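In: Quick one: sequence and predicted model below, then my questions.
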Amino acid sequence: MYFWTFFATNSEISKEIAKDCIEKDIFFLFLCNISLSSRHNSIYKKVMDIDRELEQLGNVPFGADVLKSMMQGTKAPDKKLTYLENQGKIIRLKKGMYVVAPDKSRKEISTSLVANHLYGPSYVSCHTALRYWGLIPERVYAIQSMTIKRSSTFLNSIGRFEYIHASEDYYPIGIRIIPENGITYLIASPEKALCDLIVTTSYLNLRYKQEIIQYLEEDIRLDMDEFAKMDASVFNTCAGVSKKHVMINNLVNLLK
C-alpha cells in the first residue's frame, strides 16, 4: 500500500527512486513498508539544486560537460541529460550543446546568441541583420551568419541557422557587439550586412547604377533613406578584400 501511495503523490521523483531500487534489487523494501522519506528528500534536493543551477545558466548556450559537472556523484549522467530534455527543462541545439528552456531560465532565448554559439567563430548577418536594423520589412525565417569555417546549416526546435563562409581578411570588418538583457552577441553593422548579402548572393551582377537601385529598392526592399546615412568607409574596406569589389564600389558611388 505504501508503494502505490508513494507513486500517486510523488510521480516523477518516485519513478526515479523506484527505477534505482529495481536496478539494485531492493524493490522488496517497498513491500516491507520501510520508510523512504530520507531517500525521497535526498532526490528531491538534488532535483531542486539542478533546477536552481539551470536557472542561473540563463539563456546562454552551454555544453553537455557543464550539465554533467552539475551532476557530480549522479549515476548515468547521460541518461539524466536525456531526462532533463524530455522534461522540457533544456533544449538541445545540436549534439552536445543545449540551452535552458525559457520557463526554467525565466529569460527569452536569443536566436542571435544561439547563432554565435552554435557554430563559431561567426556573427549574424545578411537578411537577418538587415531586419534587425530595421532596413528591410520582410520577416526572416532563417538566422543567417558569416563564419570563417566552411558553410553549414543547423536545424533545431529554435529555428534554422545558416552559416556562409567568408575569407579571414574579409570576415572581421564591420562587426558590432550588441548588449541585450545581460548578454552580448555579434552582428554585422548595416553596411557589412548589405555587403555580405551582395557578396554571398550567387549570380548577382550589379554593374550599373540603375541595376543597383532596382536591387536595393525592389529585390530586397531596403530603406533608401537609411541607406543614404550609411558609412562609405565600411564599403571601401570590404571592397578592398572582396572578389565582388566592383559591385561594392558601385554602392559607394551611389552614396556620393
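Out: Ah, there it is.

In: Is residue 119 in contact with residue 149, as I believe?
Out: Yes - contact criterion C-beta atoms under 8 Å: residue 119 and residue 149 qualify, at 6.8 Å. Backbone N, C-alpha and C define where each C-beta goes, glycine included.

In: hey, what's in contact with both of the two?
Out: Shared contacts of residue 119 and residue 149, defined by C-beta atoms under 8 Å, 6 or more residues apart in numbering, comprise residue 163.

In: Who has more neighbours out of those two?
Out: residue 119 (21 against 13; other C-beta atoms under 10 Å).

In: which non-adjacent residue is nearest the more buried one?
Out: Excluding the flanking residues, the one nearest residue 119 by C-beta to C-beta, 6 or more residues apart in numbering is residue 163, at 5.1 Å.

In: host element of the one you found?
Out: Under the criterion of DSSP states H and E, residue 163 resides in strand 160-165.

In: isn't residue 204 right next to residue 247, touching?
Out: Yes - between residue 204 and residue 247 there is a contact under C-beta under 8 Å: 7.3 Å.

In: packing partners for the host helix or strand of residue 233?
Out: Per DSSP H and E: residue 233 is located in helix 232-241. If contacts are counted by 3 or more C-beta pairs under 8 Å, 6 or more residues apart in numbering; DSSP states H and E, helix 232-241 sits against helix 190-200, helix 245-255.

In: Would you map the strands across the stretch 51-200 of the chain?
Out: For the stretch 51-200 of the chain, the strands defined by DSSP state E, counting those that start in this stretch cover 62-63, 90-94, 97-100, 122-124, 142-147, 152-155, 160-165, 175-180, 183-188.

In: could you redo these as TSV and give each row mean neighbour count and mean pLDDT?
Out: As requested, the strands of the stretch 51-200 of the chain are exported to TSV (neighbours: other C-beta atoms under 10 Å; pLDDT from 0 to 100):
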stretch	mean neighbour count	mean pLDDT
strand 62-63	15	90
strand 90-94	19	95
strand 97-100	23	95
strand 122-124	26	98
strand 142-147	23	98
strand 152-155	14	98
strand 160-165	18	98
strand 175-180	12	96
strand 183-188	20	97
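
In: for those strands, which one sits closest to residue 54?
Out: Nearest to residue 54 among the strands of the stretch 51-200 of the chain is strand 97-100; the distance by C-beta to C-beta comes to 4.9 Å.

In: and the gap between residue 88 and residue 104?
Out: The gap separating residue 88 from residue 104 is 8 Å, by C-beta to C-beta, to the nearest Å.

In: more neighbours, these two?
Out: residue 104 (17 against 10).

In: Might one say that that one is in contact with residue 53?
Out: No - using C-beta under 8 Å, residue 104 makes no contact with residue 53, being 10.5 Å away.

In: picking that back up, how about the strands of the stretch 51-200 of the chain in JSON lines, adding distance to residue 251?
Out: As requested, those are exported to JSON lines (distance: least, C-beta to C-beta, whole Å):
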{"stretch": "strand 62-63", "distance to residue 251": "40"}
{"stretch": "strand 90-94", "distance to residue 251": "35"}
{"stretch": "strand 97-100", "distance to residue 251": "37"}
{"stretch": "strand 122-124", "distance to residue 251": "20"}
{"stretch": "strand 142-147", "distance to residue 251": "18"}
{"stretch": "strand 152-155", "distance to residue 251": "28"}
{"stretch": "strand 160-165", "distance to residue 251": "19"}
{"stretch": "strand 175-180", "distance to residue 251": "19"}
{"stretch": "strand 183-188", "distance to residue 251": "15"}
